[in-house]
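Enquirer: everything below, folded, please.
(chains A and B)
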Amino acid sequence: MFLQQLINGITLGSTYALIALGYTLIFGVLNIVNMAHGEIFMFGAFIGLILATKFNMSIFSALLGAMVAGAVLGYLMERLALRPLRRRKVSELAPLISTIGVSIFLESLALRLFGPQAQSFPSIYAAQLFEVGGLKISAVQIIILAISFGLMVALRFWLAKTRLGKSIRATAENIETANLLGVDTQKVIVLTVMLASALGGGAGVLVGLAFNAIEPTMGITMGFKGLAVLILGGLGNITGAMVGGLLLGIAEIFSVAYGVSSYRDAVAFGFIILLLFLRPQGIFGSKEQQGGR
Amino acid sequence: MLQLQQLAAGYGNIKALKNIDLTVPAGSIVSLIGANGAGKTTVMKVIMGLIKPEFGQIFFKGQNISGIASHKIVSLGLSLVPEGRSILSRMTVLENLEMGACQRQDNEVQADLQRIFQRFPILEERKAQLGGTLSGGQQQMLAIGRALMSRPELLLLDEPSMGLAPLVVADIFKVIQEINQEGTTVLLVEQNVRQALKIAKYAFVLETGRISLHGQAEDIAKDPRVMEAYLGGKK
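Expert: A predicted model of the protein is given here:
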C-alpha cells in the first residue's frame, strides 16, 4: 500500500516538477513569475488531445506536437508581451501584469476554441496494468514517469554541458556580465521562454493523461501548484523545482490515500507552508538575492 | 585602433560624459585616470555598448561601433574586464573561462585555455571550484583570463587593482604589461594613478565628464596638477 501510493505520488509529482521547471527557467533568466505558464500548459494539453484523437497520432507524436505548440506560444508571448516592456525599462511589476494579461487571453481563447466542457484522452493507455512485485503500474504511469524524468535528466545535462545551456546559466546569474562575455542575451531569453513553454506544453499532455480531464480552466490550479513548487524549491533553482515537485505530488497522493481526499490541496499546501516556516528561502534556495534583468 | 569622438552619454538626466575625445593607438597601453565619479566606468560601458551614447561616435579599427549590441562588439575584438570583476559565482572556474570563449568556433580554444592556466597556475588548481569561492586576487586573475579567452585585440580593464593587496596589485600590473607585450592593446582605467602612469604609454585625465589633460604618460606624471590631485603632492 505504502509503496503503491509512493509510486502514484512520484508520478503526479514528476508532472508538477515539469511545470515548475518552466517557472524556474523563466524566473532565473528574467526574474519574473510567468503567470501565463498554466495556460500554456493547458493549451499543450488540448493540442495533444486534438492530435491524438482527431489526427490519430501516437501519444508520443502528440506530446511532441504539444511541446512545439508550447514553444510557439512562448515565442509569441516573449515578442509581444515581454520584450516591448523590457526595452522601456518600466517597473518590475509590469511584465508580471503583462503575463496575467496573456493568461486571461489564452484562457478565453481556449474556451472559444475548445468549449467549456471537460474532455479526455482515449482510455486505451489507462487500461493496461502491469504488476511488478505486487505493485500495480498502469501504462500511463510508465509513460508519464519515463517522459518527465527523461526530460528532466536531458535538461540538467543540457544546462550543465552545452554551450547554449551554459549561456542560459550565465544569463540567469548576471545578464550584463553574460552580455560582456559575448552572449546574445536577447536570443538566450527568447530561447529560455520557448524551452520553458515547451516543457509546460508537454506537462499538459502528461497531466491530461493522468487525470483524464482537460478543460480550459485547468491552467489556474496547475499554475498555482507549479508556482508553489517554484517557491518551495527555492526561486530559480532547477534541482529545487524537481525535488519540490515530487514532494508536493507525494504529499497530495498520501493525503488522498489516508482518508482526507477532499482536503488534498489543503494538506499539500499546508505542508508547503510548514516547510517554508523551517526554510523560508526554499529547500535549495540560497539567502542572497539572485538573478538580474 | 580605438577612437572616441565628441562622445556624450549619461543616465537619464545625469550627463556623466560631456565631450570625450580619446584615442588608443594599436599596440600601446593607454591609462584613463580620474577621481571617483569622473565618468571612467561610464566610458568603458559606452565603448562596450552597455550604455548608448547620446552624441558622438566610437570607431574601432575604422568601423563605427556606436550603438551596436554588446555581444557583437565582443566578436569584433574588444573585451572588458569589468569593475568589481563580475565573476559568475555559481559557475566553476573552468566554466567561467569557457564562457569567455562562447563565441569562438575555432579549435584553438583548448590551447588558449592551457595558456591561461600557464599564466595563472592557481586557476588550473581550482578549475572545478565555483567562481564565488575564489579570493579577490584570484577572481581578478579569472576575470582577466576570461576576457583573454575571446582573443581580444583591445582589452579594456576597469580598475583591476580595486580592493587588492599591494603585492597582488604588482602581480596584476606585471600581467597587464605581459599581455600588452604579446600584442594586445590595453585601455586601463585606474585609481592607482602612480602604477597606471608607470606602465602606460599615453594617459588621459578625466574630470567631471571631460578630458582635462592628455599626452605621454611620463609627461602627465610630471604635470603639477596631476601630482597635486592624484599623486599626493610634489615629491
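Enquirer: so what's the residue of chain B found nearest chain A up against?
Expert: The nearest approach of chain B to chain A comes at B:Val74, 3.6 Å away (C-beta to the nearest C-beta). All C-beta spots, glycine's among them, are computed from the backbone N, C-alpha and C. B:Val74 makes contact with A:180-182, B:48, B:103, B:150, B:152, according to C-beta atoms under 8 Å, 6 or more residues apart in numbering or on different chains.
Enquirer: show me which pair in those is furthest apart.
Expert: The distance between the two most remote of these (C-beta to C-beta) is 14.2 Å, for B:Met48 and B:Gln103.
Enquirer: so for those two, which residue has more residues nearby?
Expert: B:Met48 (23 against 17; other C-beta atoms under 10 Å in any protein chain shown).
Enquirer: nearest spatial neighbour of the more buried one, chain-adjacent residues omitted?
Expert: B:Leu80 (4.9 Å; C-beta to C-beta, 6 or more residues apart in numbering or on different chains).
Enquirer: list the residues that contact that neighbour.
Expert: Contacts of B:Leu80 (C-beta under 8 Å, 6+ apart): A:180, B:44, B:47-48, B:147, B:156-158.
Enquirer: repeat for B:Gly34
Expert: B:40, B:205-207.
Enquirer: can you rerun that using 6 Å?
Expert: B:40, B:206 (C-beta atoms under 6 Å, 6 or more residues apart in numbering or on different chains).
Enquirer: what is it paired to in the beta sheet?
Expert: B:Leu206 (DSSP bridges).
Enquirer: model confidence for it, exactly?
Expert: Note for B:Gly34: predicted pLDDT of 88.
Enquirer: quick check, central residue of chain B?
Expert: B:Leu157 (1.4 Å; C-alpha atoms, centre = their mean).
Enquirer: assumed that one was part of a strand.
Expert: Yes - under DSSP: H, G, I helix; E, B strand; the rest coil, B:Leu157 sits within a strand.
Enquirer: and the gap between it and B:Leu123?
Expert: 17 Å (C-beta to C-beta, to the nearest Å).
Enquirer: what's the answer for B:Ile20, then?
Expert: B:Ile20 is 35 Å from B:Leu123, by C-beta to C-beta.
Enquirer: in the helix or strand of chain B with the lowest mean pLDDT, which residues are buried?
Expert: Ranked by mean pLDDT, DSSP states H and E, the helix or strand of chain B with the weakest confidence is helix B:224-230, at a mean of 84. Residues B:226-227, B:229-230 are the ones in helix B:224-230 that count as buried (16 or more other C-beta atoms under 10 Å in any protein chain shown).
Enquirer: stretch A:65-75 now?
Expert: A:65-74.
Enquirer: so which bits of chain B are right by chain A?
Expert: B:70-71, B:74, B:80, B:86, B:88, B:90, B:99-100, B:102-103, B:150 (C-beta under 6 Å from any C-beta of the partner chain).
Enquirer: could you rerun that using 8 Å?
Expert: Counting by C-beta under 8 Å from any C-beta of the partner chain, chain B comes close to chain A at B:48, B:50, B:69-71, B:74-75, B:79-80, B:82, B:86, B:88-91, B:95, B:98-100, B:102-103, B:146, B:150.
Enquirer: what subset of the residues you listed is buried?
Expert: Using 16+ other C-beta under 10 Å, the buried members of those are B:48, B:50, B:70-71, B:74, B:79-80, B:82, B:86, B:88, B:90-91, B:95, B:98-100, B:102-103, B:146, B:150.
Enquirer: which non-adjacent residue is nearest A:Leu18?
Expert: In space, A:Leu18 is closest to A:Ala203, 4.0 Å off (C-beta to C-beta, 6+ apart).
Enquirer: share the number of residues neighbouring that neighbour, please.
Expert: A:Ala203: 35 neighbours (other C-beta under 10 Å).
Enquirer: what's the helix or strand for the residue of chain A found nearest chain B?
Expert: Closest contact between chain A and chain B, by C-beta to the nearest C-beta, is at A:Gly182 (3.6 Å). Using DSSP states H and E, A:Gly182 sits in no helix or strand.
Enquirer: got the contact list for it?
Expert: B:70-71, B:74-75, B:100, B:102-103, B:150.
Enquirer: if we can go back for a sec, pLDDT at the residue nearest to A:Leu18, what is it?
Expert: Looking at A:Ala203, the pLDDT reads 94.
Enquirer: secondary structure element holding it?
Expert: Going by DSSP H and E, A:Ala203 is in helix A:185-211.
Enquirer: since we're on A:Lys136, how many residues are nearby?
Expert: 12.
Enquirer: and for the one 3 residues further on?
Expert: Other residues within reach of A:Ala139, judged by other C-beta under 10 Å, total 16.
Enquirer: show me where chain A has its helices.
Expert: Shown for chain A, the helices assigned by DSSP state H span residues A:2-30, A:37-53, A:59-77, A:83-88, A:93-114, A:124-127, A:139-161, A:163-173, A:175-180, A:185-211, A:218-233, A:238-257, A:264-278.
Enquirer: ranking those by burial, who's on top?
Expert: Greatest average neighbour count among the helices of chain A goes to helix A:37-53 (a mean of 27), per mean count of other C-beta atoms under 10 Å in any protein chain shown.
Enquirer: in PDB, list the C-alpha atoms belonging to it.
Expert: C-alpha atoms of helix A:37-53 as PDB (Å, rounded to 0.1, in the frame of the first residue of the first chain):
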ATOM      1  CA  HIS A  37       2.600  29.400 -17.700                       C
ATOM      2  CA  GLY A  38      -0.500  27.500 -16.500                       C
ATOM      3  CA  GLU A  39      -2.500  28.500 -19.600                       C
ATOM      4  CA  ILE A  40       0.400  27.500 -21.900                       C
ATOM      5  CA  PHE A  41       0.300  24.100 -20.100                       C
ATOM      6  CA  MET A  42      -3.500  23.900 -20.700                       C
ATOM      7  CA  PHE A  43      -3.000  24.700 -24.400                       C
ATOM      8  CA  GLY A  44      -0.400  22.000 -24.600                       C
ATOM      9  CA  ALA A  45      -2.900  19.500 -23.200                       C
ATOM     10  CA  PHE A  46      -5.600  20.500 -25.700                       C
ATOM     11  CA  ILE A  47      -3.200  20.400 -28.700                       C
ATOM     12  CA  GLY A  48      -2.000  17.000 -27.600                       C
ATOM     13  CA  LEU A  49      -5.600  15.800 -27.300                       C
ATOM     14  CA  ILE A  50      -6.600  17.000 -30.700                       C
ATOM     15  CA  LEU A  51      -3.500  15.500 -32.300                       C
ATOM     16  CA  ALA A  52      -4.200  12.100 -30.600                       C
ATOM     17  CA  THR A  53      -8.000  12.000 -31.300                       C
END
